[in-house]
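Asks: The following block contains a protein sequence and its predicted model.
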Amino acid sequence: MDIQFENLNYEVKPSFWQTKVSPRTILKSVNGRFAAGELACIMGPSGAGKSSLLNALSGYNYKGVSGTLKLNNQPRDEKLFRKLSCYIMQEDKIQPMLTLNELMMFAAELKLSNNTLMKEKQIIVSEIQNVLGLSESKNTRTEFLSGGQKKRLSIALELINNPPIIFLDEPTSGLDNVSSAYCLQLLRGLAHQGRTIVCTIHQPSASLFQLFDHVYVLSNGYCVYQGSTDQMVPFLSTVGLHCPLTYNPADYIIEATDGEEMDNITKLSAATKNGKLSLYKMRKANDYYLKKKMSLNGEVLLPELNGNVSANKMLPLPPIKYKDDDDDDMVKDRDTWCVDFPTSGWSQFCTLWKRMILQMYRNKIGLNIQFYHHLICGLAVGIVFFDKSNDGAQFFNHMKFCMGNILFHTFTQSMVQVLAFPYEVKLLKQEYFNRWYSLRPYYLAFQLSRVPSIVFFSSIYTSLVYWMSGLPNEFERFALFNIICLLVCFVSEGMGLLVGSIFNVTNGSAVGPMLITPFLGLAIYGFDFAYQVPHIMEVIMEGSFLRCGVIGLVITVFGMGRKSLHCGISYCHFKDPNIIIYYLNLHRKHPYVEIIKLVGMLVFFRFLTYFALRRRLSG
Ligand SMILES: Nc1ncnc2c1ncn2[C@@H]1O[C@H](COP(=O)(O)OP(=O)(O)OP(=O)(O)O)[C@@H](O)[C@H]1O
């Protein structure tokens with residue numbers, strides 16, 4: 001499929017508070033065409049606009065982008081285009097804690113239709129692993145793969161559903177020359193099967209440069225060259241730029257058009273009519289593609305590759321059919337392209353849930369940290385308040401005990417997500433953009449996969465502090481104590497997820513505690529002058545989930561018909577637990593009502609996070 005773009009502009013508008021900053025045009029009415037069957041690269045000096053162009057072409061970024069995008073000379077249907085293309089980002093965002101084969105099989109379960117048998121999925125995955133030289137590492141955990149293997153794995157994952165258009169941002173970044181050549185040869189082989197492959201590259205060496213069929217050079221937002229690699233030097237001489245024989249043409253054009261050389265940029269951009277002219281373009285794609293016919297069974301020989309990949313591997317990919325000059329109907333040879341997603345929402349949920357549970361189970365260090373954190377904190381709090389819950393002279397300690405428990409759960413759960421969720425969002429963004437699944441099944445699977453560990457760890461802590469502090473052996477009281485702490489965990493986790501879905505780790509770690517502070521202030525406000533709290537403050541205080549937790553815990557500990565406390569001194573004002581409840585003006589409150597409020601807040605934060613994620617993914 002051919003991608004064309006005409007008068008493409010990309011303008012970055014300053015944020016509303018940057019009043020003195022004027023809008024900046026990054027891409028300046030550029031034109032161009034990337035044809036099927038060719039490995040094309042966008043190159044240019046740093047800051048030339050390469051990633052911006054790739055983002056605009058792939059649909060990854062459409063804010064501030066204007067101009068015409070076409071597919072096979074027809075205006076592009078963005079929805080269909082998203083189904084036909086994939087985008088492999090520069091940073092290798094690969095799911096951790098899984099072996100290469102497991103990750104590919106999960107991807108196959110998500111990306112191939114339910115009608116494909118598991119055995120067939122394994123065959124497809126194995127073939128792709130063979131072709132990309134990943135078979136030997138198939139049982140290696142993804143976090144232990146080398147940079148080059150990670151890059152090939154990113155490509156392998158996207159090849160599973162055989163997209164005809166592949167965009168890659170800097171596929172060679174972080175790789176040495178040999179690995180870069182290997183990666184580019186693979187891409188070239190895949191392109192020569194009929195795919196359209198476009199990647200950005202900063203400054204390729206002479207040997208890497210020769211691997212591209214089509215080069216698009218950008219500088220300062222203008223197109224300064226478009227065509228084949230071997231036509232670049234003759235083209236440059238026509239405008240008086242003579243590349244020495246021993247010089248790498250890629251280096252030469254970049255040096256000749258870096259930011260300082262505006263004259264050259266203007267000359268070259270005029271000579272190419274800012275990408276409109278592709279006079280120097282000479283297709284190198286093989287005859288097979290030029291005939292625009294795929295082999296009947298879709299099996300195509302890959303060109304010989306260097307390295308440990310044996311030559312002539314078969315990539316059993318079905319033929320890619322498309323609307324072209326002689327074909328009026330868009331033929332969708334994969335049912336995945338006719339429907340929104342290849343698998344049902346339920347099946348996506350099950351696969352994602354399985355994947356998340358496996359990842360959590362494999363994360364032994366994380367599980368151990370959480371286990372010892374809850375165990376040690378539970379023991380520490382238990383020792384501090386050991387057998388004090390029956391002492392009528394310890395009113396302040398009772399209050400500290402209730403607040404301390406709520407604070408422990410709040411900070412533990414919210415901060416874990418503030419720190420961990422931004423990375424999860426990055427992974428989600430990549431998979432979601434490449435249409436592996438929709439947001440709803442993902443979100444549900446994510447929420448439910450977290451429940452078992454939170455329940456388990458929170459129960460360790462609450463059981464320890466409950467029994468060590470000497471609270472009565474009553475099932476209902478113990479159950480309520482656990483449920484309230486658990487709900488506070490879930491609400492706090494929801495708040496952490498909300499922060500993590502909006503902010504990066506650095507900003508989130510400032511915003512997270514900042515958000516908790518007002519809830520904390522409202523939670524402890526007015527306990528010593530409970531009857532003088534203004535009505536408006538009472539209403540505002542209802543909005544603090546920490547307060548709901550503290551109130552719920554205080555009533556659970558001292559209410560519900562608790563017997564008189566022990567008094568070891570001559571007078572204990574709070575010997576009767578009812579006096580505590582009346583003193584705090586909680587006699588009209590009920591723990592079950594606080595539980596309902598906490599459930600409401602839990603749902604509220606989950607919805608907010610869902611919408612924040614949706615916004616983030618569509619932006
Ligand atoms: N959202 C944005 N806000 C402000 N400036 C931006 C934005 N996106 C891109 N730019 C600016 O546009 C210019 C081109 O950016 P882009 O990332 O496309 O360059 P590049 O050619 O890929 O560079 P490099 O090779 O260094 O990655 C840069 O100067 C960059 O600062």
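Replies: Looks like it arrived, so ask away.

Asks: Just the CA atoms of stretch 407-423, as PDB, please.
Replies: Taking C-alpha atoms only, stretch 407-423 is exported to PDB below (Å, rounded to 0.1, in the frame of the first residue of the first chain):
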ATOM      1  CA  LEU A 407      -2.500   6.000  56.800                       C
ATOM      2  CA  PHE A 408      -0.400   2.800  56.400                       C
ATOM      3  CA  HIS A 409      -2.900   1.500  53.800                       C
ATOM      4  CA  THR A 410      -3.300   4.800  52.100                       C
ATOM      5  CA  PHE A 411       0.400   5.500  51.500                       C
ATOM      6  CA  THR A 412       1.300   1.900  50.700                       C
ATOM      7  CA  GLN A 413      -1.300   1.500  47.900                       C
ATOM      8  CA  SER A 414      -1.300   4.900  46.400                       C
ATOM      9  CA  MET A 415       2.400   5.400  46.100                       C
ATOM     10  CA  VAL A 416       3.000   1.900  44.600                       C
ATOM     11  CA  GLN A 417       0.700   2.900  41.700                       C
ATOM     12  CA  VAL A 418       2.000   6.500  41.400                       C
ATOM     13  CA  LEU A 419       5.500   4.900  40.800                       C
ATOM     14  CA  ALA A 420       4.500   1.900  38.800                       C
ATOM     15  CA  PHE A 421       1.500   2.900  36.700                       C
ATOM     16  CA  PRO A 422       3.200   5.400  34.400                       C
ATOM     17  CA  TYR A 423       5.400   2.600  32.900                       C
END
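
Asks: So residue 9, which state does it fall into?
Replies: Secondary structure for residue 9, judged by DSSP: H, G, I helix; E, B strand; the rest coil, is strand.

Asks: Which positions in the helix or strand encompassing residue 448 come out as buried?
Replies: Element membership of residue 448, judged by DSSP states H and E, is helix 439-468. Burial within helix 439-468, assessed by neighbour count using 16 or more other Cβ atoms under 10 Å, is assigned to 441-447, 449-450, 453-454, 457-458, 460-466, 468. Using the backbone N, CA and C atoms, a C-beta is placed for each residue, glycine as well.

Asks: Enumerate every residue touching whichever residue of the stretch 201-350 of the chain sits closest to the ligand.
Replies: Nearest to the ligand in the stretch 201-350 of the chain, going by Cβ to the nearest ligand atom, is residue 202, at a distance of 4.9 Å. Contact partners of residue 202, counting by Cβ atoms under 8 Å, 6 or more residues apart in numbering, are 43, 46, 50, 170, 173.

Asks: Only the buried subset of those, as a ChimeraX command please.
Replies: Selection command for ChimeraX covering only the buried members of these, criterion 16+ other Cβ under 10 Å:
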select :43,50,170
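
Asks: ok, for residue 44, nearest residue in space, not its chain neighbours?
Replies: residue 218 (3.9 Å; Cβ to Cβ, 6 or more residues apart in numbering).

Asks: ok, now residue 480?
Replies: residue 556 (4.5 Å).

Asks: And the pLDDT at the one you found?
Replies: Confidence at residue 556, expressed as pLDDT, is 95.

Asks: still on that earlier bit, model confidence over the helix holding residue 448, on average?
Replies: 96.

Asks: On the C-terminal side of it, identify the next helix or strand.
Replies: From helix 439-468, the next helix or strand downstream (DSSP H and E) is helix 475-502.

Asks: quick one: average confidence on that next one?
Replies: Average pLDDT, helix 475-502: 96.

Asks: cool, and stretch 20-36?
Replies: In this model, stretch 20-36 has an average pLDDT of 89.

Asks: and that stretch, how far from the chain's centre?
Replies: Centroid separation for stretch 20-36 versus its chain: 26 Å, with Cα atoms, centre = their mean, to the nearest Å.

Asks: Alpha carbons only: can I get it in CSV?
Replies: Taking Å, rounded to 0.1, in the frame of the first residue of the first chain, the C-alpha atoms of stretch 20-36 are listed here in CSV:
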residue,chain,number,x,y,z
LYS,A,20,5.2,34.9,25.4
VAL,A,21,5.8,31.8,23.3
SER,A,22,4.6,31.9,19.7
PRO,A,23,3.4,28.8,17.8
ARG,A,24,6.1,26.8,16.1
THR,A,25,5.8,25.1,12.7
ILE,A,26,7.8,21.8,12.8
LEU,A,27,6.8,20.4,9.4
LYS,A,28,6.4,23.0,6.6
SER,A,29,4.0,21.9,3.9
VAL,A,30,6.0,18.8,3.1
ASN,A,31,5.0,16.3,0.4
GLY,A,32,6.1,12.8,-0.3
ARG,A,33,5.3,9.2,-1.1
PHE,A,34,6.3,5.9,0.4
ALA,A,35,5.6,2.9,-1.8
ALA,A,36,4.8,-0.7,-0.9
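
Asks: Counting neighbours, show which residues of it come out buried.
Replies: For stretch 20-36, burial by neighbour count (16+ other Cβ under 10 Å) applies to 26, 27, 28, 29, 30, 31, 32, 33, 34, 35, 36.

Asks: out of those, who's nearest residue 512?
Replies: For the buried residues of stretch 20-36, the closest approach to residue 512 (Cβ to Cβ) belongs to residue 26, at 33.2 Å.

Asks: does that closest one really touch residue 220, like I thought?
Replies: No: if you go by Cβ atoms under 8 Å, residue 26 and residue 220 don't touch, sitting 9.5 Å apart.

Asks: Spit out the residues that contact these two alike.
Replies: Joint contacts of residue 26 and residue 220 (Cβ under 8 Å, 6+ apart) are residue 49.

Asks: looking at this protein, which helix or strand does the model trust least?
Replies: Least confident helix or strand, the chain: strand 299-301 with a mean of 34, by mean pLDDT, DSSP states H and E.

Asks: Counting neighbours, what do you get for residue 530?
Replies: 14 (other Cβ atoms under 10 Å).

Asks: isn't there a strand covering it?
Replies: No: under three-state DSSP, residue 530 sits outside any strand and is assigned helix.

Asks: check contacts around it.
Replies: Contact analysis of residue 530 by Cβ under 8 Å, 6+ apart lists 583, 584, 585, 586.

Asks: Show me those that map onto helices.
Replies: Among the contacts of residue 530, DSSP state H puts residue 583 in helices.

Asks: Which members of the contacts of residue 530 additionally contact the ligand?
Replies: Near the ligand, judged by Cβ under 6 Å from any ligand atom, there are no entries from those.

Asks: doesn't residue 88 make contact with residue 58?
Replies: No: the criterion here is Cβ under 8 Å, and residue 58 misses it with residue 88 at 9.7 Å.

Asks: Between those two, which contacts overlap?
Replies: In contact with both residue 58 and residue 88: residue 167, using Cβ under 8 Å, 6+ apart.

Asks: neighbour-wise, which of these two wins?
Replies: Neighbours around residue 58 and residue 88, counted as other Cβ under 10 Å, are more numerous at residue 58. The numbers are 25 against 22.

Asks: can you redo the contacts of residue 530 as JSON lines with pLDDT?
Replies: Below are those laid out as JSON lines (pLDDT from 0 to 100):
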{"residue": "583", "pLDDT": "92"}
{"residue": "584", "pLDDT": "91"}
{"residue": "585", "pLDDT": "90"}
{"residue": "586", "pLDDT": "91"}
